[in-house]
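[1] One predicted model, sequence on top.
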Amino acid sequence: MAARPENGRKNDPQRTQEDILIVATEEFSTHGLAGARVDAIAERTRTSKRMIYYYFGSKEGLYLAVLERSYRKIRTLEEDLHLGNLPPEEALRRLIATTFDHDEANPDFVRLVSIENIHHAAHMMRSDAIRDLNVSVIETIAGILERGVAEGVFRREADPIDIHMMISAFCFFRVSNRYTFGTIFRRDLSDTETMARHKGMIADAVIRYLTAI
């Protein structure tokens, strides 16, 4: 089954699926899995519920595809950095800056992960793709840490998953709690100077942890 031609253009199932995923990302991140409406996604993409179900199987299947696409996006960004060619500290700072900038630019990703945590990762557990995708960042960090220790730059032999969690926690919190934290402490976390300071602070905290005795 293919998308209905519009304005005489040739059908492009791959582009149609990508358009659906883009709109579905916004719909699910705004309304959650229960509140999101496939009808609304179909209307905005000029497709039909039947076509969406043909491509993704069900509403839950579409939601899972959105999660997979979101994780694939950040992992692809990381792979494009070619961090193995950089000195360990520079490589780690580059990775942290990329994570920081990604989360700032993609609040939908942060909301989706928060929603999936509400569901106790029930849908994510069904995805081998998400597990496989996230192996790469751990391998990348492990390589940086090993090189750092071997070169005497890092003095602590840290668990790469712990370091990944540390980086993710700092960057994720700024976006996930932006409005509550900002309201309580009357601080705009989207302020340019604040963002620059926090990006440096996060990198310094991770590096100092690794260089401490």
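    Right, received. Where do you want to start?

[2] So residue 158: helix, strand or coil?
    coil (DSSP: H, G, I helix; E, B strand; the rest coil).

[3] quick one, what contacts it?
    By Cβ atoms under 8 Å, 6 or more residues apart in numbering, the residues touching residue 158 are 145, 209, 210. The C-beta positions use only the backbone N, C-alpha and C, and glycine is treated the same way.

[4] ok, those vs residue 34, which is closest?
    Of all the contacts of residue 158, residue 34 sits closest to residue 209, with 39.4 Å by Cβ to Cβ.

[5] I figured the closest one was touching residue 156, is that so?
    Yes - counting by Cβ atoms under 8 Å, residue 209 touches residue 156, with 6.8 Å between them.

[6] picking up where we left off before, which of the contacts of residue 158 count as buried?
    Among those, the ones that count as buried by 16 or more other Cβ atoms under 10 Å are 145, 210.

[7] Go through the contacts of residue 158 and flag which are in helices.
    Using DSSP state H, the subset of the contacts of residue 158 located in helices is 145, 209, 210.

[8] For residue 75, see how far away the first one is.
    Distance check for residue 145 against residue 75: by Cβ to Cβ, to the nearest Å, it reads 18 Å.

[9] Where do the helices of this protein begin and end?
    Under DSSP H, the chain gives helices at 13-35, 38-45, 49-56, 59-79, 88-105, 107-118, 128-150, 160-176, 178-185, 192-211.

[10] Same list (these) but as JSON lines, adding mean pLDDT.
    Compiled in JSON lines, the helices of the chain are given as follows (pLDDT from 0 to 100):
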{"stretch": "helix 13-35", "mean pLDDT": "95"}
{"stretch": "helix 38-45", "mean pLDDT": "96"}
{"stretch": "helix 49-56", "mean pLDDT": "96"}
{"stretch": "helix 59-79", "mean pLDDT": "95"}
{"stretch": "helix 88-105", "mean pLDDT": "97"}
{"stretch": "helix 107-118", "mean pLDDT": "96"}
{"stretch": "helix 128-150", "mean pLDDT": "94"}
{"stretch": "helix 160-176", "mean pLDDT": "97"}
{"stretch": "helix 178-185", "mean pLDDT": "96"}
{"stretch": "helix 192-211", "mean pLDDT": "97"}
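
[11] end-to-end on stretch 29-49?
    Using Cα to Cα, to the nearest Å, the end-to-end distance of stretch 29-49 comes out at 19 Å.

[12] buried set for it?
    29, 32, 33, 36, 38, 41, 42, 45, 47.

[13] Spit out the contact partners of the second one.
    Residue 32 makes contact with 115, 118, according to Cβ under 8 Å, 6+ apart.

[14] still on that earlier bit, quick one: which of the buried residues of stretch 29-49 is nearest residue 126?
    residue 33 (13.4 Å).

[15] residues touching that closest one, list them.
    Counting by Cβ under 8 Å, 6+ apart, residue 33 makes contact with 59, 60, 63, 115, 119, 123.
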